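In: no letters, just coordinates:
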């Protein structure tokens, strides 16, 4: 009786694990778990960042204009007079509730300031990545299919230029050309789709270069592998060989790069938003640094970090979709 | 194979060149041979003698690095080298298909095995998706892969080496080609699996009535499967003979050397000789010897061999040697 | 023994020279270094001295690249700016290597708990895009040349750690390392004598590329006003102050940007060429 029960349990467990494998739950779980050390690391970073600053943490958080009572208030509120490990635990607790404190400048909750601007930055970032992929990946493919041709040289040189160009300078130059000389597009601010064009193109420029180069080198490698010859030997059309057989394999490193580029994009967003007076997180962090508004600085850094981790998770999930070998790991 | 049968494939004066940083490399230098319907022709030689390049030249698969092919390759009377891109595409996988050496890397890791078999059928046989997948399962069954239904939906990394090679064979046979170019199909496999694959190929060949060009350096495989043999060295054909005649009475010193270097248990008692090696190494393509290409390693080299390339001497209908020795 | 080292090294040098692009990069770098070293010779006068009478002038014979909003010669400021940029490039890379290489060596060689901790720390740092990390560090440390170099340098450390660790992981399995260990060689000696030389190849490539990145980052910080502070002639901060005058005098923003662009380009070209020549395996 006992043995049949245990047998049934084992059978159920086996079925569950098969199902989990099928839906990549194992893989997803593993990836989620691996973000925990990083999250802890980030919280530690932020925690100690504040305390590394010269002066009294409570005063720093309260801002330069704060009165002594306000400073004491903050000190008491955040428990800055308690032992350090208790401080850390309460810090974690507040993070979990998304309580990031109040801006020293505006006294608004930091989370509100961030929430107001996050969509703007995301909008730019997503459009920029989409543009970069739409232009970069085909450019890389064409380069790889016709290596050392004039189009390959053109793409490679343009890519190299794009990599070396400072994002903010490109932005300024685009403003000069398109806003000042040609008067086609506005120089800054938001409002209509025309306002989105220049900032997103500026952001995309740097990333396009990376993506195009990466696509080119992975496609070159893939196209010289054995299975490509096999595919051709079956009489498949060349475009089928390139897209269905080669590209699908090359996508794995390309997706990695796209994910990494998202990070670069967030960094570039800081500069681009400044150039185009775009009301996003990048502007927020710069203004906060200049005004020494540490709660906001802390909060924005946290959000940037979380965003990046999220993007990397998504990238890992995409991997598993594209490369079946990873699913069954 | 009587005098009036036209060969299925006729390779005439095939030259394949590669332009490298170190100069022009003639990987295949004036090769000719014929393959008849339904027979197995063995193409033998050491690594680097140009046998794989010959096969790839037939289907014009030399893209990376790009090869320059000259000569005539007549398949059922048509010169394949005169076909345009569309033309050769229709031949590939359909009339002539190829099996490659490394089953590990020759299958696309991100596509299901069934799909890799089915796509050729959809392309050449005008089947729709469902039919092609059904056909793929049939092919897998024919190459004796158990559970073809579920196997066809799997990815190559789930297959063992032997199974992958079977899948490759299934892929090659999927459109019922008249000729298969098998490039070292068993070299990368374990010995026991080798035997299985060879048996499978033999059976399928008889069932589908396909001709095979069997490229290998393994004389044992040749003895098992081939009916005629062409021996290549350094990009040229040095001997051609029916298999039994080749093994019994090799004429070219290189062939003699090859056969002499097969380990045989009890050889010393039988022949009184120890294992013989061919001294020296295969010449690098950029530095081919003058005269007969084999002369630096030949045990019976004469002065003439060093100066002049030997002519092709026909000994019988399907028997020839490229050696000065035959002249005397 | 010396022959075998000379041979491949000389071949790689020849290969590098053949690469026209890398050559161009090298020449550009030499131009920058020369202008940095000989700045007072190339441009007499004080690049930071204001001359409000001549502010925002277009390029002319007197001032080949025009003047900025305080009347200073842009050409002069760019030439002196090359000093700053090269200083930053070298400083940042030094910081990155000094911290990153030892940590990477230790992490890759000893594995275990040390490796785990260093790796998690690296992961955390890599959770932020490079520029943001430098930005965060500047927020803590403050502005100015020294802090800029330290901040950007630290943001480069994770890259070096990863690079070195990867290299060490593959080298430590080599037979000669095992042999050295079997003979009883001390770990430190093994690390320095056997492993470090192998690491130098990808490090050299990375360093060239990182110098370009360092200049970009520093210029970015300067542009935002939280890097090198005026009146020090740093290209990025020059662009930052030029922003307000974009409509009237776009040339003020154009030329420093070109200087940044060419400097970064040259390091990228050199780095690419080095990568191709030294070892195509070490792709980043």
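Out: Great, that's in hand. Because the structure is predicted, anything quoted here is derived from the model rather than measured.

In: and the closest residue in space to residue C:56 that isn't next to it in sequence, how close does it get to chain A?
Out: Using CB to CB, 6 or more residues apart in numbering or on different chains and skipping the chain neighbours, the partner closest in space to residue C:56 is residue C:249 (4.4 Å). Using the backbone N, CA and C atoms, a C-beta is placed for each residue, glycine as well. Distance check for residue C:249 against chain A: by CB to the nearest CB, to the nearest Å, it reads 10 Å.

In: what does the model give residue C:249 for pLDDT?
Out: Per-residue confidence for residue C:249 comes out at a pLDDT of 79.

In: same thing with residue C:80?
Out: As summarised for this prediction, residue C:80 has a pLDDT of 85.

In: residue C:4 too?
Out: At residue C:4, the model reports a pLDDT of 43.

In: look up how far chain B lies from residue C:165.
Out: If you measure residue C:165 against chain B using CB to the nearest CB, the figure is 28 Å.

In: ok, how many other residues are close to that residue?
Out: The local packing of residue C:165 (other CB atoms under 10 Å in any protein chain shown) involves 23 other residues.

In: for burial, what's the neighbour tally of the residue of the stretch 1-150 of chain A found nearest chain C?
Out: With CB to the nearest CB as the measure, the residue in the stretch 1-150 of chain A that lies nearest chain C is residue A:41; the distance is 3.0 Å. Applying other CB under 10 Å, we find 18 other residues in the vicinity of residue A:41.

In: hang on, residue B:178 packs against residue B:96?
Out: Yes: taking CB atoms under 8 Å as the definition, residue B:178 is a contact partner of residue B:96 at 7.2 Å.

In: more crowded one of these two?
Out: A direct count of neighbours by other CB under 10 Å for residue B:178 and residue B:96 places residue B:96 higher, at 27 against 19.

In: for the nearest residue to the more buried one once chain neighbours are set aside, what are phi and psi?
Out: Spatially, and ignoring its direct neighbours in sequence, residue B:96 is nearest to residue B:179 (4.6 Å; CB to CB, 6+ apart). Note on residue B:179: backbone dihedrals following degrees, to the nearest 10 are phi -140, psi 140.

In: same question, residue B:321
Out: Phi and psi for residue B:321, reported as degrees, to the nearest 10, are phi -140, psi 150.

In: ok, now which ones touch it?
Out: For residue B:321, the set of contacting residues under the criterion of CB atoms under 8 Å, 6 or more residues apart in numbering or on different chains consists of B:238, B:239, B:240, B:251, B:252, B:312, B:313, B:315.

In: can you name the residues bridging to it?
Out: Here residue B:321 shows beta-bridge partners residue B:239, residue B:313, assigned using DSSP bridges.

In: relative to chain A, how far out is it?
Out: The span separating residue B:321 from chain A equals 32 Å under the rule CB to the nearest CB.

In: now swap in residue C:138 and tell me
Out: Applying CB to the nearest CB to residue C:138 and chain A gives a distance of 7 Å.

In: surely that residue and residue C:224 touch.
Out: No: because the distance of 9.1 Å does not satisfy CB under 8 Å, residue C:138 is recorded as not touching residue C:224.

In: flag every residue of the stretch 151-300 of chain A that's near chain B.
Out: Taking CB under 8 Å from any CB of the partner chain as the criterion, the neighbours of chain B within the stretch 151-300 of chain A are A:223-227, A:229-238, A:240, A:244-245, A:248-249.

In: these in helices, which ones?
Out: Filtering those for membership in helices, criterion DSSP state H, returns A:223, A:226, A:227, A:229, A:230, A:231, A:232, A:233, A:238, A:240, A:248, A:249.

In: filter those residues to the buried ones?
Out: Neighbour-count burial (16 or more other CB atoms under 10 Å in any protein chain shown) is assigned, among these, to A:223, A:226, A:227, A:229, A:230, A:231, A:232, A:233, A:240, A:248, A:249.

In: thinking again about what came up before, give me the neighbour count for the residue nearest to residue C:56.
Out: Based on other CB under 10 Å, the number of other residues close to residue C:249 is 19.

In: check contacts around it.
Out: With contacts defined as CB under 8 Å, 6+ apart, residue C:249 is in contact with C:56, C:58, C:66, C:69, C:242.

In: phi, psi of the first one?
Out: I take that to be residue C:56. Given degrees, to the nearest 10, the pair of backbone angles that residue C:56 has is phi 60, psi 40.

In: ok and the residue in the stretch 151-284 of chain C nearest chain A?
Out: Minimum separation of the stretch 151-284 of chain C from chain A (CB to the nearest CB) falls at residue C:257, amounting to 3.4 Å.

In: three-state assignment of that residue?
Out: Using DSSP: H, G, I helix; E, B strand; the rest coil as the criterion, the local structure at residue C:257 reads helix.

In: what about chain B, any weak spots by pLDDT?
Out: Regions of chain B meeting the criterion pLDDT under 70 cover residues B:1-4, B:64, B:264, B:266-274, B:328.

In: show me the helices in it, by range?
Out: Under the criterion DSSP H, chain B contains helices at B:51-58, B:85-91, B:103-106, B:113-125, B:129-142, B:148-152, B:161-173, B:191-208, B:219-225, B:243-248, B:253-260, B:267-271, B:303-307.
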